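*Asks:* quick one, fold the following:
(one chain, ligands or ions: 1)
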Amino acid sequence: MQTAAEIGLIGLAVMGENLSLNLANHGFAVSVFNRTTARTDAFIRGRARGTTISGYPTLAAFIRSLAPPRKIMLMLKAGPVVDEVIEQLLPYLEAGDILIDGGNSHYRDTKRRVVMLKGQGLHFVGCGVSGGEEGALHGPSLMPGGSKEAWPLLEPLLLPIAARLSDGSSCCSWLGPGGAGHFVKMVHNGIEYGDMQLIAESYHLITELLGLEHRQIGEIFARWNSGRLNSYLIEITAEILSFQDEDGSPLLEAILDAAAQKGTGKWTVDAALDLGIPLSLISESVFARCLSASKEQRLAAAPVFPGPGGSWSGDPRALLRDLEAALYMAKLISYGQGFQLLATASRDFSWNLDLGEVARIWRGGCIIRSAFLETISQAYAQCPELDQLLLAPHFSTTLNQAQAALRRVITAGVTAGIPAPCLCSSLQYFDGLRSSRLPANLIQAQRDYFGAHTYERTDQPRGRFFHTNWTGQGGETTSGSSKR
Ligand code: NBP
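*Replies:* Okay, the predicted model is just below:
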């Protein structure tokens, strides 16, 4: 008789297949189910042949194969599909069973599902999975959160299959209740958007200002990858730049310059707006993809607006040194903004996120993995209550050292008319952050002038609000809706 499986997995597309193989490679008995049975059959006959994976044609048979309390991982298209499958599963489940959603679900959906299933005696865990196909198979970064009661039963299954750091620790850690896991995964993806755009802007500046060939630019990125910019995205950029099409020309040149966005970048920006966090760099990266996708408009505008013209003259080696420093500084600022978003969500939603631990589990397996994340873990280890990552010693020292380089790079780009929205945005944020006085006094005056929204005074304690009858014609009544 077949022994009961330790975990079940529903959804055999690229992520589900690879995660179930990863579980099997770690010795777990895995049952799998997929809506389209032909896919299950092909998997069992193909990649899963000779492993501890068993496939089932019906949900009833799949559920019967699982050891109680059942642990079922959903690797499904995010959205209503997850609710549909939960509905289909409910008649078969018993109190204490655990559902793990490993897809890119919205954190609000996860929070709702945790509450809904708790009412039925079931545990629901929203587990961010990052690392794509390779990560899913060899070790992803896993970001679980939700029903804490499930964690002691899941820990022995999830810790071994996640990526491992050189100190032997696993890139998986319990993050918090409700939608905490999926929120952290969402911010991971937002940071990924920012990193990718910053790298793309650097490539664009090198191409346009220095006129180097793709192979040479690939060598520059490979060199950067051996220094403080060391990361998966810089590494693959070097490889992409050197990759040749069938005719020997760089494949990158043949790829259409219109980037897609699937939603997690937008969700991150939505969350930042909801929580009032200046997540300017990631926001710019989403908008940069939107502008890139407006290819027809750009083609129409190009001949109408010729730009400044002229060629750049300067020391190419100095420009490359500056660009490396500028890229590192902009990256620091992006992560500073991302971690501020995490800190605020943690406080507002009472998640008690361990931000140093978040940085640690992102150091392996996931798309934004990099050496630099260790620096963030160290900053939070030294000061767990750190309010602004950029004020931690390594960060403030680097920003002070690199700001002149960032200004020079941006000046070169702006003068030549080369767009670098995220590099520019990082400097704008930095200059705003280090300004003890901003022109928001005028904004408050304007708001009070036209809408009686009131203002605070510099010569009075915070929290006391004043209204001025600016024209002599308004009354003394103030707006009750926006004292801020
Ligand atoms: P997809 O996101 O393409 O989802 C495909 C799976 O959903 C298939 O198993 C499909 O079954 C199933 N499905 C659909 Br579509 N509609 C269904 C329904 N009404 N009822 C039951 N099953 C249904 O797969 P993926 O790319 O492997 O991603 C899985 C999850 O992991 C997603 O949430 C994704 O955002 C997330 N993720 C993906 C990556 C990545 O690199 N791809 C990385 C990290 C996270 P079928 O075979 O019968 O159509």
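
*Asks:* how about the residues of the chain by the ligand?
*Replies:* Counting by C-beta under 6 Å from any ligand atom, the positions of the chain adjacent to the ligand are 11-16, 34-36, 39, 75-78, 81, 84-85, 103-104, 129-130, 132. All C-beta spots, glycine's among them, are computed from the backbone N, C-alpha and C.

*Asks:* out of those residues, which sit inside strands?
*Replies:* Restricting the residues of the chain next to the ligand to those inside strands, with DSSP state E as the criterion, leaves Val129, Ser130.

*Asks:* what does the residue in the stretch 351-484 of the chain that the ligand sits nearest to show for phi and psi?
*Replies:* Taking C-beta to the nearest ligand atom as the measure, the stretch 351-484 of the chain has Ile367 as its residue closest to the ligand, at 8.5 Å. The phi/psi pair for Ile367 (degrees, to the nearest 10) reads phi -70, psi -30.

*Asks:* isn't it right up against Leu233?
*Replies:* Yes: taking C-beta atoms under 8 Å as the definition, Ile367 is a contact partner of Leu233 at 6.8 Å.

*Asks:* quick check: neighbours shared by these two?
*Replies:* With contacts defined as C-beta atoms under 8 Å, 6 or more residues apart in numbering, the residues adjacent to both Ile367 and Leu233 are Glu192.

*Asks:* of these two, give the one with the bigger neighbour count.
*Replies:* The residue with the greater number of neighbours, taking Ile367 and Leu233 and applying other C-beta atoms under 10 Å, is Ile367; the counts read 21 against 18.

*Asks:* contacting residues around the more buried one?
*Replies:* Counted by C-beta under 8 Å, 6+ apart, Ile367 has contacts Ser130, Gly131, Gly132, Gly135, His188, Glu192, Tyr232, Leu233.

*Asks:* can you tell me how far Met73 is from the ligand?
*Replies:* 10 Å (C-beta to the nearest ligand atom, to the nearest Å).

*Asks:* quick one: residues contacting that residue.
*Replies:* Applying C-beta under 8 Å, 6+ apart, the residues contacting Met73 are Ile7, Gly8, Leu9, Ile10, Leu19, Ile100, Asp101, Gly102, Cys127.

*Asks:* what's the burial count for the third one?
*Replies:* The reference is to Leu9. Leu9 is flanked by 26 other residues according to other C-beta under 10 Å.

*Asks:* so which bits of stretch 42-50 are buried?
*Replies:* Of the residues in stretch 42-50, those scored as buried under the neighbour-count criterion (16 or more other C-beta atoms under 10 Å) are Ala42, Phe43, Ile44, Arg47, Ala48.

*Asks:* okay if I get these as TSV plus distance to Asp257?
*Replies:* Compiled in TSV, the buried residues of stretch 42-50 are given as follows (distance: C-beta to C-beta, whole Å):
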residue	distance to Asp257
Ala42	36
Phe43	36
Ile44	41
Arg47	35
Ala48	39
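
*Asks:* cross those against strands and list the overlap.
*Replies:* When DSSP E defines the strands, the subset of the buried residues of stretch 42-50 inside them is empty.

*Asks:* can you tell me the closest non-neighbouring residue to the residue of the stretch 51-200 of the chain found nearest the ligand?
*Replies:* Per C-beta to the nearest ligand atom, Gly103 is where the stretch 51-200 of the chain lies closest to the ligand, at 2.5 Å. Using C-beta to C-beta, 6 or more residues apart in numbering and skipping the chain neighbours, the partner closest in space to Gly103 is Ala78 (4.5 Å).

*Asks:* thought that neighbour was touching His106?
*Replies:* Yes: taking contact to mean C-beta under 8 Å, the distance of 7.2 Å between Ala78 and His106 places them in contact.

*Asks:* who's more crowded, those two?
*Replies:* For the pair Ala78 and His106, the greater number of neighbours falls to His106 (21 against 17), based on other C-beta under 10 Å.

*Asks:* out of everything not next to it in sequence, what's closest to the more buried one?
*Replies:* Nearest-residue entry for His106: Trp267, 6.2 Å, with adjacent residues in sequence omitted and distances by C-beta to C-beta, 6+ apart.

*Asks:* which of the three states applies to the one you found?
*Replies:* Per DSSP: H, G, I helix; E, B strand; the rest coil, the secondary structure class of Trp267 is helix.

*Asks:* isn't it right up against Ser105?
*Replies:* No: here Trp267 does not reach Ser105: they are 10.3 Å apart, not a contact under C-beta under 8 Å.

*Asks:* hmm, back to that, any idea how far the residue nearest to Gly103 is from Pro421?
*Replies:* Taking C-beta to C-beta, to the nearest Å as the criterion, Ala78 is separated from Pro421 by 28 Å.

*Asks:* and if you look at Ala61?
*Replies:* Per C-beta to C-beta, Ala61 is found 53 Å from Pro421.

*Asks:* more neighbours: which of these two?
*Replies:* Of the pair Ala61 and Pro421, Pro421 is the one with more neighbours under other C-beta under 10 Å, namely 18 against 13.

*Asks:* neighbours around Thr398, how many?
*Replies:* When neighbours are counted by other C-beta under 10 Å, Thr398 comes out with 18.

*Asks:* now the strand or helix carrying it - C-alpha only, PDB.
*Replies:* Assessed by DSSP states H and E, Thr398 sits inside helix 393-416. What follows is helix 393-416, C-alpha atoms only, in PDB (Å, rounded to 0.1, in the frame of the first residue of the first chain):
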ATOM      1  CA  PRO A 393      26.200  54.400   9.100                       C
ATOM      2  CA  HIS A 394      27.100  52.400   6.000                       C
ATOM      3  CA  PHE A 395      24.300  54.000   4.100                       C
ATOM      4  CA  SER A 396      24.900  57.600   5.100                       C
ATOM      5  CA  THR A 397      28.600  57.300   4.500                       C
ATOM      6  CA  THR A 398      28.000  55.800   1.000                       C
ATOM      7  CA  LEU A 399      25.400  58.500   0.100                       C
ATOM      8  CA  ASN A 400      27.800  61.300   1.100                       C
ATOM      9  CA  GLN A 401      30.600  59.700  -0.900                       C
ATOM     10  CA  ALA A 402      28.500  58.900  -4.000                       C
ATOM     11  CA  GLN A 403      26.300  61.900  -4.400                       C
ATOM     12  CA  ALA A 404      28.800  63.900  -6.500                       C
ATOM     13  CA  ALA A 405      29.100  61.000  -8.900                       C
ATOM     14  CA  LEU A 406      25.300  60.600  -9.100                       C
ATOM     15  CA  ARG A 407      25.000  64.400  -9.900                       C
ATOM     16  CA  ARG A 408      27.600  64.100 -12.600                       C
ATOM     17  CA  VAL A 409      26.000  61.100 -14.300                       C
ATOM     18  CA  ILE A 410      22.600  62.700 -14.200                       C
ATOM     19  CA  THR A 411      24.000  66.000 -15.600                       C
ATOM     20  CA  ALA A 412      25.600  64.100 -18.500                       C
ATOM     21  CA  GLY A 413      22.400  62.300 -19.200                       C
ATOM     22  CA  VAL A 414      20.100  65.300 -19.000                       C
ATOM     23  CA  THR A 415      22.500  67.400 -21.100                       C
ATOM     24  CA  ALA A 416      22.500  64.800 -23.800                       C
END
